[in-house]
Structure formats: structure tokens, C-alpha cells
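# sharing a sequence plus its predicted fold:
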Amino acid sequence: MSERDGSERERRGGEAPSLTLGSFICFALYSTSHAFSRLYRPLLDPLGLTYPQFLAMVALWEKDDQTVGELGARLLLESNTLTPLLKRLESLGHVVRRRDADDERQVRIRLTEGGRALESQARDVPRCIGEALGMTAEEAEALTASVTALRRRLEAAAG
């Protein structure tokens, strides 16, 4: 039992923390993730992208010509999840996948002209999400920093 569990039990008169959905941070984040997905869907449908595909495109718009490993590290995705996503983006004509000329073990991902052009069509998505959040830019940045710090602590704890 951690020190935090012990102090929580003391506050609650020796009882274990409540087993209710509302008491789980993980459920709050999980259900928020689903709410974000519902919010993004009508914004991304006209672009022909799913949310994970959109994230991959954003990462490539930030830095084109990455290896699958680099892109996976940025998106926190394993290659067995990322590869089918990239194959789909390639079939849509947004990216090309090629073996690295210097290291054939590496596959490089590059935007096509169509993939680059899609960026201008996606420019309004962040603004629409920002409006839906009803937060100032500073509040959104602080929340993002807090959630990112939480993720890092969880990753460290999970090993």
C-alpha cells in the first residue's frame, strides 16, 4: 500500500477508496477521449481522415521525411499499430513509404503534394476544437502540460 493510499484511508476512516466511476481519474480521461473523438469526427470526415490519421499527418506537417520509428515515438504508437495507419494514408495518396537508402532496415515516411495540400484544409480544425473547449489558450496549455506530466508519471510507474 502506498503512502497516498494510507492517508486516503485515514481520511475516510480506514476505508479503501471508493469503487465508483466518478472516482477514477482514468475514467474521466477515457470518457474525455471519447468526447474528443466525437468532436473531431465531423471536422475530419471532410478531410477523409480518422483522428489517429490526423495526428500522424500533423506530425508529418511539423517534420516531413521521418522514419516509422521516429514517427511512432512522437505519436506514442508501436509499429504494429502505426504501419496499417500509414498504409491507409499511402492508399489515400497523402504519404509515400520508402526504404531508407542508407539503412534498408528503416522505412521513411514522406508527404506527397496531396498530403502537403491537405494541411491548408485542416488549418481550421484546432480553432474549432479550441472554441468547443471554451478555454483560454493559457488554460488549454496548462491543462495539456498537466495531462502530459501525468502521462509521464504513469509511464515511469509502469516501467
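Noted; the coordinates are in hand.

# tell me how many other residues crowd M57.
22 (other C-beta atoms under 10 Å). Any C-beta I mention is one placed from the backbone N, CA and C, and that applies to glycine too.

# can you show me the helices along the chain?
If DSSP state H is used as the criterion, the helices of the chain fall at 3-11, 25-44, 51-62, 68-75, 79-91, 113-122, 125-133, 137-158.

# average pLDDT across the shortest one?
In other words, helix 68-75. Mean pLDDT, helix 68-75: 96.

# that helix vs helix 51-62, what angle?
Here the directions of helix 68-75 and helix 51-62 differ by 110 degrees (axes from the mean of the first three to the mean of the last three C-alpha atoms, to 10 degrees).

# helix 68-75: which residues count as buried?
For helix 68-75, a neighbour-count test (16 or more other C-beta atoms under 10 Å) marks V68, L71, G72, R74, L75 as buried.

# so the fourth one touches V58, yeah?
It refers to R74. No: counting by C-beta atoms under 8 Å, R74 stays clear of V58, with 9.7 Å between them.

# which residues does stretch 79-87 contact?
For stretch 79-87, contacts defined as C-beta atoms under 8 Å, 6 or more residues apart in numbering pick out P52, Q53, A56, V68, G69, L71, G72, L75, L77, V95, R97, I109.

# stretch 61-72 now?
With contact meaning C-beta under 8 Å, 6+ apart, stretch 61-72 is reached by 56, 59-60, 74, 78-79, 82-83, 86, 97, 100, 106-111, 116, 119.
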